[in-house]
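Enquirer: Sequence first, then the predicted structure:
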Amino acid sequence: EPEVTQTPSHQVTQMGQEVILRCVPISNHLYFYWYRQILGQKVEFLVSFYNNEISEKSEIFDDQFSVERPDGSNFTLKIRSTKLEDSAMYFCASSEALTRSNEKLFFGSGTQLSVL
Amino acid sequence: QKEVEQNSGPLSVPEGAIASLNCTYSDRGSQSFFWYRQYSGKSPELIMFIYSNGDKEDGRFTAQLNKASQYVSLLIRDSQPSDSATYLCAVNGGRGYNKLIFGAGTRLAVHP
């Protein structure tokens, strides 16, 4: 069964460093997303991406965050200067292009980011 | 601010019983509703979606939607210990179809 893959599974970084989280969405999906979940808290929307541009972003997704689809398969989230409060599980998700089907999100296994 | 509310639980049910999970949402304009299951330390997994008022059944799962009351529920029949997980209610809160707002989840414990 096709799945969303994320690398790395764990990332430890020092405060102020840049990190790039990587995702390979399901191959025929055209909508891509990043969510995050701080330990014990809700899954929070960060950004959605379609047709090579951001379609919607949350207030969490400030200038420190950026997303990119550098080639035909990868989708990345970059945090330029990490803060302690960026420590969370980051989930990539993707969905199909068809109306209503594009609302059914399939999540990757996540990258646990720890900022020290 | 669009909100999705769930009782955090834990909801404890014996094996074989019906588990009933509830969710309310604040945005009356919401059109699409989802239930995800999340095992500890794992990613959310889509188990049900519903768009219209009424019931929708899929195997042991039934989703129920009442838009007038802004209420959506999930029934799990013949609960199994493997159903023990956190169940996340999610509502489409985006301008289009591409942003889910999640509740905090209800932890379900099914005991043998």
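Expert: Done, it's in.
Enquirer: In contact with the residue lying farthest from the centre of chain B, which residues?
Expert: When distances to the mean C-alpha position of chain B are computed (Cα atoms, centre = their mean), the maximum falls on residue B:112, with 22.7 Å. Contact analysis of residue B:112 by Cβ atoms under 8 Å, 6 or more residues apart in numbering or on different chains lists B:14, B:15, B:81. (Glycine included, C-beta is placed from N, CA and C.)
Enquirer: From residue B:11, how far off is the last one?
Expert: Right, residue B:81. 14 Å (Cβ to Cβ, to the nearest Å).
Enquirer: okay, those two: which has more neighbours?
Expert: residue B:11 (17 against 10; other Cβ atoms under 10 Å in any protein chain shown).
Enquirer: Excluding chain neighbours, what is closest to the more buried one?
Expert: residue B:108 (5.1 Å; Cβ to Cβ, 6 or more residues apart in numbering or on different chains).
Enquirer: Show me what the mean pLDDT comes to for the helix or strand harbouring the one you found.
Expert: Assigning secondary structure by DSSP states H and E places residue B:108 in strand B:106-111. Strand B:106-111 carries an average pLDDT of 97.
Enquirer: Buried residues, that strand. List them.
Expert: Neighbour counts over strand B:106-111 (16 or more other Cβ atoms under 10 Å in any protein chain shown) mark B:106, B:107, B:108, B:110 as buried.
Enquirer: neighbours of residue 35, just the number please.
Expert: You didn't pick a chain, so chain A it is. Residue A:35 has 27 neighbouring residues, counting by other Cβ under 10 Å.
Enquirer: try chain B instead
Expert: 24.
Enquirer: which regions of chain B lie under the pLDDT threshold?
Expert: Low-confidence regions of chain B, defined by pLDDT under 70, span residues B:94-97.
Enquirer: And the helices in chain B, which stretches?
Expert: Counting by DSSP state H, chain B forms no helices at all.
Enquirer: Would you mind listing what in it touches chain A?
Expert: Contact residues of chain B with respect to chain A, defined by Cβ under 8 Å from any Cβ of the partner chain, are listed as B:32, B:34, B:42-46, B:49, B:51, B:88, B:90, B:92-105.
Enquirer: how near is residue A:2 to residue B:27?
Expert: Distance, residue A:2 to residue B:27, using Cβ to Cβ: 32 Å.
Enquirer: err, residue B:83, not the other one
Expert: Per Cβ to Cβ, residue B:83 is found 29 Å from residue B:27.
Enquirer: So in terms of bridging, what pairs with residue B:92?
Expert: Going by DSSP bridges, residue B:92 is paired in beta bridges with residue B:100.
Enquirer: quick one: it and residue A:105 touch, right?
Expert: No - assessed by Cβ atoms under 8 Å, residue B:92 is found out of contact with residue A:105, at 10.0 Å.
Enquirer: Spit out the residues that contact these two alike.
Expert: In contact with both residue B:92 and residue A:105: residue B:100, using Cβ under 8 Å, 6+ apart.
Enquirer: Comparing those two, which shows the higher neighbour count?
Expert: Each of residue B:92 and residue A:105 has its neighbours counted (other Cβ under 10 Å); residue A:105 has more, 25 against 22.
Enquirer: so who does the more buried one touch?
Expert: Residue A:105 neighbours (Cβ under 8 Å, 6+ apart): A:33, A:93, A:94, A:95, B:46, B:100.
Enquirer: filter the residues of chain B next to chain A to the buried ones?
Expert: When the residues of chain B next to chain A are checked for burial by 16+ other Cβ under 10 Å, the buried set is B:32, B:34, B:43-44, B:46, B:49, B:88, B:90, B:92-94, B:97-105.
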